[in-house]
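> Quick one, fold the following:
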Amino acid sequence: MGCCASKCCATKCCGTKRTSRETLVFADDGYDFRIPALLYVKEWKTFLAFAEKRTSTNDAHAQNLVMRKGTRQCCSLQWSPTEDVKEASIDGYRTMNPCPVFERKSRTLFLFFICLKGNTSERNLKPGQSRLCYVTSTDCGETWSKVTDLTSSVNFTNYQTFAVGPGHGIQLSSGTLLVPAYVRVYTASGVKSYSVVLRSEDMHTWKAGQPIGVESGECQLAEVCDGGGKRQVYLNARHRAPHPRVEALSEDGGESFTLLNMLKLKERPNGCQGSVLGFPARELPAGEGGSSETALLFSHPTVGENYNRLDLGVYLRKSLQDQDPWGKPLIIHKGASGYSDLTCCEEEGLFGCLKESGEGKESHRRQIAFREFDLNEIV
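Residues are numbered from 1 along each chain as shown. Okay, the predicted model is just below:
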């Protein structure tokens, strides 16, 4: 598919090679922006970018969610003005962790988020001080529904607090909607965090699957298909060094997961969110395909000590079925980085990344930028 409204426009404006560019999407001298989430909705031919607006980089100083929409106009990506998503809020709570997912048949955009009581830090929250919520839109974010609070209906047991995403959710080929999440639970040895998936088969009833069997945190999901047509759900989750990233597969649509012993993806010393994206392996350049129908991308800071997160990279894995490891990363941002979210673009082999970014090692990551890249850059 072309990058503009028609292949003619794509050929005339873009030529055969697109130049990668970084564009600031969320930046303001009076606010900090963190926690990006990104979708490209082909039915609307629009990028939907979300983030938290904060009065400082401190998690306790989050205020509300913001949104911008990006549309292609003769190969130039134009972004709408920044809007506060005012509907995504509860009085007395701060709104955090945007996690959008799109339901294709009804063309409904779900925007999941959490609401945390006042300025209490996550680690000091008590049960009942965090709310699991979503709003919906059927007109590309022009209008939003009232808040739906799922806290009492989703069966989190023995929890201290929980969160969704951050980043995007997915819709399986079966139609089931999946939202990545994690829950902090009380154990005999203290509070521990575990990745979990929220599922809905009817867009109304949401249930939590089983937490995966190892300490983990913020996660992302992708549906993968092997060469024989078997479909599974791949999960990639935050851990803590010296442990590698957590990787797992589900045979039952995200209800439960089996850990993979890949030991391939390094984690930053104190951990960091990373994004994962599945895409058709046919889009790989000739001679670069694996034995699977699905290839994967993963974005994550590649260097940095303690809480320094530097040089955001995008890794490629051509197949989960092959022994071929994750490749060397394409560095798409030098200097201060952090959280990110990946999406496919309309044109095959072209991808977008919404990412925390800054200049040098001492940046406070107050800005969020968008960058496009193609498979040829990685391969």
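
> Could you list the low-confidence segments of this protein?
Under the criterion of pLDDT under 70, the regions of the chain flagged as low confidence span 1-20, 262-263, 359-365.

> for it, what spans make up the helices?
In order along the chain, the chain carries the following helices (DSSP state H): 7-14, 375-378.

> Please name the residues that touch the closest residue to Glu348 other than its chain neighbours.
Taking Cβ to Cβ, 6 or more residues apart in numbering as the measure, Glu348 lies nearest to Glu283, with 4.9 Å between them; neighbours along the chain are not counted. Heads up, the C-betas are built off the backbone N, CA and C, glycines and all. Each residue near Glu283 by Cβ atoms under 8 Å, 6 or more residues apart in numbering is listed here: 295, 348-349, 375.

> go with 10 Å
Listed by Cβ atoms under 10 Å, 6 or more residues apart in numbering, the contact set of Glu283 reads 289, 295, 344, 347-351, 374-375.

> Just name the closest of those residues to Glu103, please.
Proximity to Glu103 was ranked across the contacts of Glu283 by Cβ to Cβ; first place goes to Cys344, at 17.0 Å.

> Name the residues linked to the closest residue to the closest one other than its chain neighbours by a beta bridge.
Sequence neighbours aside, Phe279 is the residue nearest to Cys344 in space, at 5.6 Å (criterion: Cβ to Cβ, 6+ apart). Counting by DSSP bridges, Phe279 forms beta bridges with Ala295.

> my read: Phe279 touches Asp374, true?
No - between Phe279 and Asp374 there is no contact under Cβ atoms under 10 Å: 11.6 Å.

> Give me the common contacts of these two.
Taking Cβ under 10 Å, 6+ apart as the contact rule, the neighbours common to Phe279 and Asp374 are 348-349, 351.

> Just the buried positions in stretch 159-171, please.
Buried positions in stretch 159-171, judged by neighbour count with 16 or more other Cβ atoms under 10 Å: 160-171.

> can you tell me the distance between the two ends of that stretch?
Start to finish, the residues bounding stretch 159-171 are 27 Å apart (Cα to Cα, to the nearest Å).

> Distance from the chain centre to it, please.
Here stretch 159-171 is found 10 Å from its chain centre; the criterion is Cα atoms, centre = their mean, to the nearest Å.

> Ok, stretch 286-301 next?
Averaged C-alpha coordinates place stretch 286-301 at 18 Å from its chain's average position (Cα atoms, centre = their mean).

> Likewise for stretch 233-251?
Averaging C-alpha coordinates over stretch 233-251 and over its chain gives two centres that are 14 Å apart (Cα atoms, centre = their mean).

> got the CA coordinates for it in PDB?
Once non-C-alpha atoms are left out, stretch 233-251 reads as follows in PDB (Å, rounded to 0.1, in the frame of the first residue of the first chain):
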ATOM      1  CA  VAL A 233       0.600 -14.700  21.700                       C
ATOM      2  CA  TYR A 234       4.200 -13.600  22.400                       C
ATOM      3  CA  LEU A 235       4.900 -11.500  25.500                       C
ATOM      4  CA  ASN A 236       8.000  -9.400  26.200                       C
ATOM      5  CA  ALA A 237       8.300  -7.900  29.700                       C
ATOM      6  CA  ARG A 238      10.500  -5.700  31.900                       C
ATOM      7  CA  HIS A 239      12.800  -7.400  34.300                       C
ATOM      8  CA  ARG A 240      15.900  -6.300  36.300                       C
ATOM      9  CA  ALA A 241      19.500  -6.800  35.500                       C
ATOM     10  CA  PRO A 242      21.500  -9.000  35.500                       C
ATOM     11  CA  HIS A 243      18.500 -11.000  34.400                       C
ATOM     12  CA  PRO A 244      17.500 -10.700  30.700                       C
ATOM     13  CA  ARG A 245      14.200  -9.600  29.400                       C
ATOM     14  CA  VAL A 246      11.300 -11.900  30.100                       C
ATOM     15  CA  GLU A 247       9.900 -13.600  27.000                       C
ATOM     16  CA  ALA A 248       6.900 -16.000  27.000                       C
ATOM     17  CA  LEU A 249       4.300 -17.600  24.700                       C
ATOM     18  CA  SER A 250       0.600 -18.300  25.100                       C
ATOM     19  CA  GLU A 251      -1.300 -21.200  23.400                       C
END
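
> For the remainder of this discussion, apply numbering that starts at 780.
Noted, 780 is the first residue going forward, which turns the last one into stretch 1012-1030.

> what comes up buried for that stretch?
Burial within stretch 1012-1030, assessed by neighbour count using 16+ other Cβ under 10 Å, is assigned to 1012-1018, 1024-1027, 1029.

> got it, and stretch 995-1006?
For stretch 995-1006, the neighbour count (16+ other Cβ under 10 Å) marks 995-1005 as buried.
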